[in-house]
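>>> give me coordinates for this.
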Amino acid sequence: MASPWASKKMPKLLKATYLGDQEFLLEETRASKLLYFPGPVVWSLIFAVLTYLTLAVREGWNPRSHLWGNAIGQLASAVHVAKPTLALGLTLLFGLLLLVGLLRIAVRYVRWMRTVYAVTSRRVIVQRGILGRNFDEIPVTQVRAVDVHQTVGQRVLGYGTIRVSSEGGAVVGNEDWVGIPKPFRFQKLVEDATASIQTPQAASPPPAGPR
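Next up, the predicted model:
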């Protein structure tokens, strides 16, 4: 059977200098974007549209916004407030909620960027941080189980939760990795590395020479 790292990958997310001389990257990933971004993006789009429509009613930019303008007019009559005043207040409110959505996107982007999960020919690694970086790891020889949990919704979206169990209760082995894309592929790579490091196939493949 071919070694699981027969074709070498150059790290793009993991700090390359963290790999040993005879260590090969098998897979690296961040959590799925579908875990972090749909909620705040939809929120921001809704309030961006509402902000524009309400401002358009106040300033008379878009004649097609007459339905929204009528709704604001009826509300203004119900609360006994001038329509332009109510439109201004709603514009500020929707603009504030839009800003909240954009801030949520920024915060989630930082959270998404800061954590990288990787499996190499020797270790399972979690890299955290953007400027400064911290590394938690499990040698693959200490991995005892790799569990995948996936709800129906997560299966449709293509991600799941992984827990790597290890000897000695290492930090990496006591937490769930939520939102891992293609979790069963990641599971198989960890299991293959765990099995292969104890066999001759775990050694560096010799360079291809002339036949």
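>>> please name every helix or strand in contact with the lengthiest helix in the chain.
Ranked by number of residues, the top helix in the chain under DSSP state H is helix 83-114. For helix 83-114, the packing partners by 3 or more Cβ pairs under 8 Å, 6 or more residues apart in numbering; DSSP states H and E come out as helix 33-36, helix 38-59, helix 66-79. C-beta coordinates here come from the backbone N, C-alpha and C atoms, glycine included.
>>> what does the next helix-or-strand element following it contact?
Note on helix 83-114: by DSSP states H and E, the next helix or strand toward the C-terminus is strand 115-120. Identification of contacts with strand 115-120 by Cβ atoms under 8 Å, 6 or more residues apart in numbering yields 11, 13-14, 19, 23-31, 124-128, 140, 162, 177, 180, 186, 189-190, 193.
>>> pLDDT of strand 115-120, averaged?
Averaging pLDDT along strand 115-120 yields 94.
>>> do stretch 57-71 as well
Mean per-residue pLDDT for stretch 57-71: 74.
>>> domain assignment for the chain?
Domain ranges of the chain: 16-31+116-202, 38-111, per automatic domain parsing.
>>> most tightly surrounded among those?
Most buried of those, by mean neighbour count (mean count of other Cβ atoms under 10 Å): domain 16-31+116-202, with a mean of 17.
>>> where does this structure dip in pLDDT?
The chain contains residues with pLDDT under 70 at 1-8, 62-65, 168-174, 198-211.
>>> let's see it at 80
1-9, 59-66, 132, 167-174, 197-211 (pLDDT under 80).
>>> CA-only coordinates of stretch 19-29 in PDB, if you can.
Taking C-alpha atoms only, stretch 19-29 is exported to PDB below (Å, rounded to 0.1, in the frame of the first residue of the first chain):
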ATOM      1  CA  LEU A  19       7.800  20.600  10.800                       C
ATOM      2  CA  GLY A  20      10.800  18.400  11.400                       C
ATOM      3  CA  ASP A  21      13.300  17.400   8.700                       C
ATOM      4  CA  GLN A  22      11.700  14.000   8.100                       C
ATOM      5  CA  GLU A  23       8.200  15.100   8.800                       C
ATOM      6  CA  PHE A  24       5.500  15.500   6.100                       C
ATOM      7  CA  LEU A  25       2.300  17.400   6.100                       C
ATOM      8  CA  LEU A  26      -0.700  15.300   5.300                       C
ATOM      9  CA  GLU A  27      -3.500  17.800   5.800                       C
ATOM     10  CA  GLU A  28      -4.100  21.200   7.200                       C
ATOM     11  CA  THR A  29      -7.400  23.100   7.600                       C
END
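>>> redo the helices and strands packed on helix 83-114 as a markdown table? Include distance to Arg108.
As requested, the helices and strands packed on helix 83-114 are exported to a markdown table (distance: least, Cβ to Cβ, whole Å):
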| stretch | distance to Arg108 |
| --- | --- |
| helix 33-36 | 4 |
| helix 38-59 | 6 |
| helix 66-79 | 30 |
